[in-house]
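Asks: model this:
(one chain, ligands or ions: 2)
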Amino acid sequence: MANYTKRDEVAVIELNNPPVNALSFEVRSGLQNALKSAIDDQDVKCIVIHGKGKNFSAGADIKEFGAGTKQQKPWITDACRLADESSKPVVAAIAGTALGGGLEVALFCHYRIGTPSCRVGFPEVQIGILPGAGGTQRLPRLIGVNSSIDMITSGRHVMAEEAMKLGILDKIVTEDIIEEGVKFAKSVVGLDLAHRILKNRKIEAVSPKVFDDEISRVKKKYKGYIAPLFCLKAIQASVQLPYDASMEQELQLFQHLVGSNQAKAQQYAFFAERTSARWQLPTGANSQNASPLPVKTAGVIGAGTMGAGIALCLITSGIPTVLVEQDQKFLEKGIKTMEGDLRGSVALKKMTAEQAKKAMLILKPSVNFEDLHDVDLVIEAVYENLALKKEIFAKLDKICQPQTILCTNTSSLDIDMIAEATKRMDKVVGTHFFAPAYIMKLQENVYGKNTSAETVATVMALGRRIRKVPVLVGTCESFAANRMLHPYVTEALYLVEEGASPYEVDQVLEDFGMPMGMFRVSDLSGLDIGYKVRREAAKRQGIDLTLGTRFVNGERVCLLADVLVEKGRLGIKSGKGWYNYGSPGKKEAIPDPEVLDIIEEHCRKFGIKKQKISSQEILERMQLALINEGFRILEEGIVSKPEDIDVIWIYGFGWPKYMGGPMFYANEMKLKNVYRKICDFHQKYPFSIHWTPSKLLARLSETDLPISNWTSLINSNSKL
Ligand SMILES: CCCCCCC[C@H](O)CC(=O)SCCNC(=O)CCNC(=O)[C@H](O)C(C)(C)COP(=O)([O-])OP(=O)([O-])OC[C@H]1O[C@@H](n2cnc3c(N)ncnc32)[C@H](O)[C@@H]1OP(=O)([O-])[O-]
Ligand SMILES: NC(=O)c1ccc[n+]([C@@H]2O[C@H](COP(=O)([O-])OP(=O)(O)OC[C@H]3O[C@@H](n4cnc5c(N)ncnc54)[C@H](O)[C@@H]3O)[C@@H](O)[C@H]2O)c1
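Replies: Numbers count the residues shown, from 1 in each chain. Ligands and ions are numbered 1, 2, ... in the order given. Model (predicted):
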């Protein structure tokens, strides 16, 4: 809907579709009618368009792009063409965000003013489409081709100050946006509008080489994504064709994208992230009825790989943080890492040197636990050792205020066992970050049996505040993310034993869209970590694990990675792992014939016959193994909805958004096919427990329901 009112000779049109004024059919029709009324009204001299509430508009209503749905007319361009034709000045008064179609509406206006905190941008590319209402044609006429390419292919939000510099905004105003809009509109009545109409503006001449270079850049930077390339084609049309013809070209490119599988997957991912933010505990407490506690200050214990990164997330989000280490040497090492990461951010223009300096000023490094006395929340990130963590939590329980929340970054230990060391089990929770913690977006929050809703609400809110994507999961061995990783990694090793090379496996995964193959990731993390974890787990279970071990409790094991470790091949840190890196720390991964010999020798020793394994089998075995585990996690209630799993894989492990996430991928394959293939693998590989088909998957596969219906079916049918 759009509201139409008048203030003296000014028509004020309000886009009204809370919370973000998405441009649904009703809003577009309302806008078109309101513009008509304003233009026809003899008493109206100028027009202001603004958004109700906090935002101007977040653009087209993404829900209207559902598969096969044709947008109902009037389109944004139909409604806004009236502004182009109007002899009365039209002013966009922007507060909050003007994104996508929202910015396109503003670009049809003759003038744009904004508040100091407003943001503009074309994020369409992130949901698999392009600005299809003239954005790719009008922006280059306003700010030039190069800046338009940057904004449209990245989808980044541009803050008011930069928008002013680029020429998107004509003025930044500090008082009430509607009052300012009315004042500004009155001030431009009578001025010549011809040069303010963007379609009339000449576009700069640009050599085709600019586009050739950009295509190469975009192919590399957004590997696998088709939308950025289509954005470039549309912008190129603005340079090559007359306005009307290039608008037609933009529309055709838009229509092609909007019907693509990538757009469907990326739009699913957009909504999955928001669905995942709506958490629920088994008690029924949820994000709607629980309130977070304020976190004004925080503490981090351990300044190692993870602690330093977590502290950096906190201070760069403006949260004063005490960082506690066991001694000065470790503390200084951690601070050096943090300073280096900040320098990197400044070099990449992610922040200014001033901002980096300001962040370090609110860090209080310490070797004294007593300094945590007054903080609101502590995140522990010491070695993965239950006894040590329990000792630290008992100490924190005594030192910290009774309301302080105590979080652990453990990647596998039982949250309840850690909580038992305290008298505040309701305030103990897992906040599992992913390496490198400053960069990776996922924050897997883990509740224990006594964790309160207030504690969960606090860590979920903290996650968003420090620019992470928080997901809530229940406690179990390795939680949701790493638990799903296990069958994926195991299957990769089996494939290599059976005849695929590590390099073939990685290639298949990278062709699928994973940022790195499984073996390259292992080299990056360090093969010795898994080696130690396996040996400690075996010791706990009284198992004698040697390089000769083939089965444990009837389950097939492959210890090829441990063979490499015992040969000193620890990964990037030692210069050799599954790949050869030339020297320690170097990142270029070169396939190594020596590794192929090691694999040959291993297979000879155990009499394993090698065979040719197709790319399709490699992909299916790795993906379906983790998908089956995902269904088990869902079945056990470790996560409450499939979207949580997809968000975990997109933000924790780089699953390509254009493939939606493993659960979405399974949905696209059709569950009956997924189930059938898993049953086949189970029959073929009976010694791999991860192929035992999930009961939930079996039931869901009988229904043929789409992913959007799984949660309600799971909740409504206890037999599932
Ligand atoms: C042939 C026809 C031609 C057509 C041409 C069209 C061309 C056009 O270029 C295409 C577009 O504009 S494409 C669009 C390009 N624009 C974008 O991609 C912008 C997408 N939006 C955003 O980036 C963020 O929502 C904001 C930054 C706006 C606000 O962030 P925040 O303050 O953290 O809030 P939040 O939690 O994120 O959202 C609150 C609620 O609003 C919901 N919702 C939001 N936007 C929606 C939308 N456009 N739609 C529907 N719903 C939308 C969201 O799901 C959530 O609902 P829930 O039920 O409560 O979960
Ligand atoms: N490294 C990863 O990829 C990763 C990812 C997710 C979670 N985790 C988890 O994060 C935690 C930390 O892992 P990491 O890789 O950062 O380890 P790390 O070895 O790099 O760092 C641990 C730090 O804790 C400090 N420390 C040890 N005992 C302490 C004490 N009593 N008081 C204060 N500081 C103490 C050490 O000096 C060291 O600097 C572990 O629980 C691990 O399982 C690690």
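Asks: Isn't Asp644 up against Val471?
Replies: Yes. Here Asp644 lies in contact with Val471, judged by C-beta atoms under 8 Å, at a distance of 5.1 Å. For glycine as for every other residue, the C-beta is placed from the backbone atoms N, C-alpha and C.
Asks: Next, show the common contact partners of the two.
Replies: 276, 480 (C-beta atoms under 8 Å, 6 or more residues apart in numbering).
Asks: Next, Pro591: phi, psi?
Replies: Torsion angles at Pro591 (phi, psi; degrees, to the nearest 10) stand at phi -50, psi 140.
Asks: follow-up on the earlier one: have a look at Asp644 and Val471 and say which one is more surrounded.
Replies: Val471 (28 against 25; other C-beta atoms under 10 Å).
Asks: Tell me where the model's unsure across the protein.
Replies: 67-69, 717-720 (pLDDT under 70).
Asks: So it: which segments form each domain?
Replies: 2-259, 298-477, 500-605, 618-638+656-716 (automatic domain parsing).
Asks: who wins for proximity to ligand 2 among those?
Replies: With respect to ligand 2, and counting by C-beta to the nearest ligand atom, the nearest of these is domain 298-477 at 1.8 Å.
Asks: Tell me which of the domains of the chain lies nearest to Ala277.
Replies: Closest of the domains of the chain to Ala277 is domain 298-477, at 7.2 Å (criterion: C-beta to C-beta).
Asks: Next, the distance between the ends of that closest one.
Replies: Using C-alpha to C-alpha, to the nearest Å, the end-to-end distance of domain 298-477 comes to 27 Å.
Asks: who touches stretch 514-524?
Replies: Outside stretch 514-524, the residues within contact range by C-beta under 8 Å, 6+ apart are 488-489, 492, 502-503, 505-510, 530, 561, 571-572, 577-579, 581, 589, 622, 653-656.
Asks: Let's see which of those residues end up in helices.
Replies: For the contacts of stretch 514-524, the ones inside helices are 488-489, 492, 502-503, 505-510, 530, 561, 622, 653, with DSSP state H as the criterion.
Asks: Which positions in the stretch 251-400 of the chain make contact with ligand 2?
Replies: Residues of the stretch 251-400 of the chain found near ligand 2 (C-beta under 6 Å from any ligand atom) are 301-307, 324-326, 330, 381-384, 392.
Asks: Among those, which lie within strands?
Replies: Judged by DSSP state E, the subset of these located in strands is 301, 324.
Asks: Of the residues of the stretch 251-400 of the chain next to ligand 2, just say which sits nearest to ligand 1.
Replies: Using C-beta to the nearest ligand atom, those come closest to ligand 1 at Met306, 26.7 Å.
Asks: dump the residue contacts of the residue nearest to the closest one when sequence neighbours are not counted.
Replies: Leaving aside its chain neighbours, Met306 sits nearest to Ala381 (4.4 Å; criterion: C-beta to C-beta, 6 or more residues apart in numbering). Listed by C-beta under 8 Å, 6+ apart, the contact partners of Ala381 are 300-302, 304, 306-307, 310, 409.
Asks: Output those residues as TSV; include the columns neighbour count.
Replies: Output for those, formatted as TSV (neighbours: other C-beta atoms under 10 Å):
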residue	neighbour count
Val300	31
Ile301	28
Gly302	24
Gly304	15
Met306	22
Gly307	26
Ile310	26
Asn409	24
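Asks: So which of the residues you listed is the closest to Ile177?
Replies: Ile310 (37.8 Å).
Asks: Distance from the chain centre to the helix or strand that contains the closest one, please.
Replies: If you go by DSSP states H and E, Ile310 is part of helix 305-315. From the chain centre to the centre of helix 305-315 is a distance of 19 Å (C-alpha atoms, centre = their mean, to the nearest Å).
Asks: That one packs against which elements?
Replies: If you count contacts as 3 or more C-beta pairs under 8 Å, 6 or more residues apart in numbering; DSSP states H and E, helix 305-315 packs onto strand 298-301, strand 321-324, helix 328-347, helix 353-361, strand 428-433.
Asks: Touching the third one from outside, list them.
Replies: Looking back up the chat, that one is helix 328-347. Residues outside helix 328-347 that contact it (C-beta under 8 Å, 6+ apart): 303-304, 307-309, 311-312, 316, 323, 325, 351-353, 356, 359-360, 363, 365-367, 438.
Asks: Pull out the buried residues from those residues.
Replies: Among the contacts of helix 328-347, the ones that count as buried by 16 or more other C-beta atoms under 10 Å are 303, 307-309, 311-312, 316, 323, 325, 356, 359, 363, 365-366, 438.
Asks: Look up the closest residue to the residue of the stretch 451-600 of the chain found nearest ligand 1, ignoring the ones flanking it.
Replies: Closest to ligand 1 within the stretch 451-600 of the chain is Arg464: 8.0 Å, counting by C-beta to the nearest ligand atom. Excluding its sequence neighbours, the residue lying closest to Arg464 (C-beta to C-beta, 6+ apart) is Pro470, at 6.4 Å.
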